[in-house]
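Asker: The sequence isn't on hand, but the structure is:
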């Protein structure tokens, strides 16, 4: 009888200990789960912050005085400005929708290593709304040069020669012609962008080789050169968008 009571007592104590261990384990697992969840949330938040930082990098302030102390800033700026200016010039010369006497008057003709405006070489008359006549009796030897300039003007012209006179039919501006000009505008922009980047990369290489300034300042100058170039490229891109909008405005 005594042995049975002891056995029951031992069994009861064992069950109690097992239950307590189960409860402790559950609490431990719950706490670990909460800790893991908190850690996951923290890591997720950090990951989101990193993504935000990569999408919105810190803006680089261009300090012209600081740049001028390390590089030939005026020369760099001049190279980038020239690239954009050349783009504007090519837009004006080669992407005109107008084939009027006003546009043809100032068309550049190359001869003897120089450039002349067409109006300096001959008399330009609008015979009727569909035909422009150019009298080149004063410079008959330059007729081939004039024909080439007209054909390459980007105005979709097909000049015809009759003696010392050149007849220029005024073409209708077609949808295809507008699209071609818009495509040419993109090519001119890319040429400008590459010119800016060439100047940018050339000066970055020079700065990298400069051992007279600290590493931090070296990186700052490089970042500012990149930011400066990006500013000019952004301006050129705006000009491209305006020009393409203008060229495609009458597209059906």
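Answerer: That came through, no problem. As the structure is a prediction and not an experimental result, all values here were calculated from the model.
Asker: Surely residue 137 is in a strand?
Answerer: No: Residue 137 sits outside any strand when classified using DSSP: H, G, I helix; E, B strand; the rest coil, being coil.
Asker: shouldn't it be in contact with residue 143?
Answerer: No: contact criterion C-beta atoms under 8 Å: residue 137 and residue 143 do not qualify, at 10.1 Å. C-beta coordinates here come from the backbone N, C-alpha and C atoms, glycine included.
Asker: Looking at those two now, which is surrounded by more residues?
Answerer: Summary of the neighbour comparison: residue 137 and residue 143, criterion other C-beta atoms under 10 Å, with residue 143 having more neighbours (19 against 10).
Asker: Now do the contacts for the more buried one.
Answerer: Going by C-beta atoms under 8 Å, 6 or more residues apart in numbering, residue 143 touches 136, 161, 164, 166.
Asker: Just the ones in helices from those, please.
Answerer: Using DSSP state H, no member of the contacts of residue 143 falls within helices.
Asker: Filter those down to the buried ones.
Answerer: When those are checked for burial by 16 or more other C-beta atoms under 10 Å, the buried set is 136, 166.
Asker: Show only the entries of the contacts of residue 143 found in strands.
Answerer: When the contacts of residue 143 are checked against strands (DSSP state E), the matches are 161, 166.
Asker: Output the contacts of residue 143 in a markdown table; the columns should cover pLDDT and distance to residue 201.
Answerer: As requested, those are arranged in a markdown table below (pLDDT from 0 to 100; distance: C-beta to C-beta, whole Å):
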| residue | pLDDT | distance to residue 201 |
| --- | --- | --- |
| 136 | 97 | 46 |
| 161 | 97 | 47 |
| 164 | 96 | 51 |
| 166 | 97 | 45 |
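Asker: Which residues does stretch 219-233 contact?
Answerer: In this structure, residues lying in contact with stretch 219-233 by C-beta under 8 Å, 6+ apart are 60-63, 66-67, 70-71, 76-77, 80-81, 83-84, 193, 196-197, 199-200, 203-204, 207-208, 213.
Asker: Drop anything exposed from these.
Answerer: Neighbour counting over these (16+ other C-beta under 10 Å) leaves 67, 70-71, 76-77, 80, 83-84, 193, 196-197, 199-200, 203-204, 207 as the buried ones.
Asker: What is the most widely separated pair among those?
Answerer: By the measure C-beta to C-beta, the buried ones among the contacts of stretch 219-233 have their two most distant members at 70 and 193, which lie 24.6 Å apart.
Asker: Poorly predicted segments of the stretch 151-252 of the chain, please.
Answerer: Across the stretch 151-252 of the chain, the ranges flagged by pLDDT under 70 are 250-252.
Asker: As a check, name the ranges of all strands in it.
Answerer: Counting by DSSP state E, counting those that start in this stretch, the segments of the stretch 151-252 of the chain that form strands are 160-162, 165-169.
Asker: and among the ones you listed, the most buried is which?
Answerer: strand 165-169 (a mean of 18; mean count of other C-beta atoms under 10 Å).
Asker: what's in contact with stretch 163-173?
Answerer: Outside of stretch 163-173, the residues within contact range by C-beta under 8 Å, 6+ apart are 97, 99-100, 104, 122, 129-137, 140, 143, 146-147, 150, 155-161, 177, 250.
Asker: List buried residues within these.
Answerer: 97, 99, 104, 122, 132-134, 136, 143, 146-147, 150, 155-157, 159, 177.
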